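S.K.: 3D, please:
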Amino acid sequence: MINKIVTADRAGIEEVRENIRHTNPEALVVDAASPQFVDGDASQIAGKRVLVIEDGPTLTHGEMRYGAGVMAARKFGAAEIVDPRPFAVGSIADTFVKYPHTDMVLPAMGYGDAQISDLEATIKATPCDLVLIATPIDLRRLVDFDLPALRVTYELQEIGYPTLDAPLRGFVESST
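M.R.: Next up is the predicted model:
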């Protein structure tokens, strides 16, 4: 699967295709995108100073600089993505030291009491107008937000043909 073909660099996509052809010319290649969805009124993002919270392990161990939250902030016209590093406390501050490439987003590193407490303190200390939550769970259930907070999700969207349906159906049928 080659994902994010709508937003990725065209040359990079072609490089991936060539690598697949070289490695396994018989491989089934499915093109896909991961469009972002905002739970709520996305127009609230326009012109705002936004704090983006992303999935911590994706940023740290996955070495991504940003994810769906930053993409949504850009797409919907945020004036600024606020740097949370100067306001980080506890385990969040430690994460920024250990993973310095996580510089424009707030990583949610876990959901234990201490981690949520550090995350909430960092959010409350960060000067912003709006919080975008792009984590696997809805942090609004765990954190008391003093500011408006919108959740960003994404879904896999297959583009064109082939799709995953037939090979997955065959796999499931052969394993039962």
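S.K.: which residues sit in contact with the residue most central in space within the chain?
M.R.: Nearest to the geometric centre of the chain sits Gly67, at 2.9 Å (C-alpha atoms, centre = their mean). For Gly67, the contact set (C-beta atoms under 8 Å, 6 or more residues apart in numbering) comprises Glu54, Asp55, Thr58, Leu59, Val105, Ala134. For every residue, glycine as well, the C-beta is placed using N, CA and C.
S.K.: can you rerun that using 6 Å?
M.R.: Residues near Gly67 by C-beta atoms under 6 Å, 6 or more residues apart in numbering: Glu54, Thr58, Ala134.
S.K.: hang on, isn't the last one packed against Tyr154?
M.R.: If I follow you right, that is Ala134. No: in this structure Ala134 lies outside contact range of Tyr154 using C-beta atoms under 6 Å: 8.3 Å.
S.K.: returning to what we had before: which single one of the contacts of Gly67 is nearest to Ile81?
M.R.: Glu54 (10.9 Å; C-beta to C-beta).
S.K.: so how far is Ile13 from the closest one?
M.R.: Going from Glu54 to Ile13 by C-beta to C-beta, to the nearest Å gives 23 Å.
S.K.: out of those two, which sits in the more crowded spot?
M.R.: Set Glu54 next to Ile13 and count neighbours by other C-beta atoms under 10 Å: Glu54 wins out with 25 against 15.
S.K.: and that one, how far is that from Pro107?
M.R.: Distance check for Glu54 against Pro107: by C-beta to C-beta, it reads 6 Å.
S.K.: do Ser43 as well
M.R.: Ser43 is 27 Å from Pro107, by C-beta to C-beta.
S.K.: Show me which of these two is the more surrounded one.
M.R.: Between Ser43 and Pro107, counting by other C-beta under 10 Å, Pro107 is the more crowded of the two (24 against 10).
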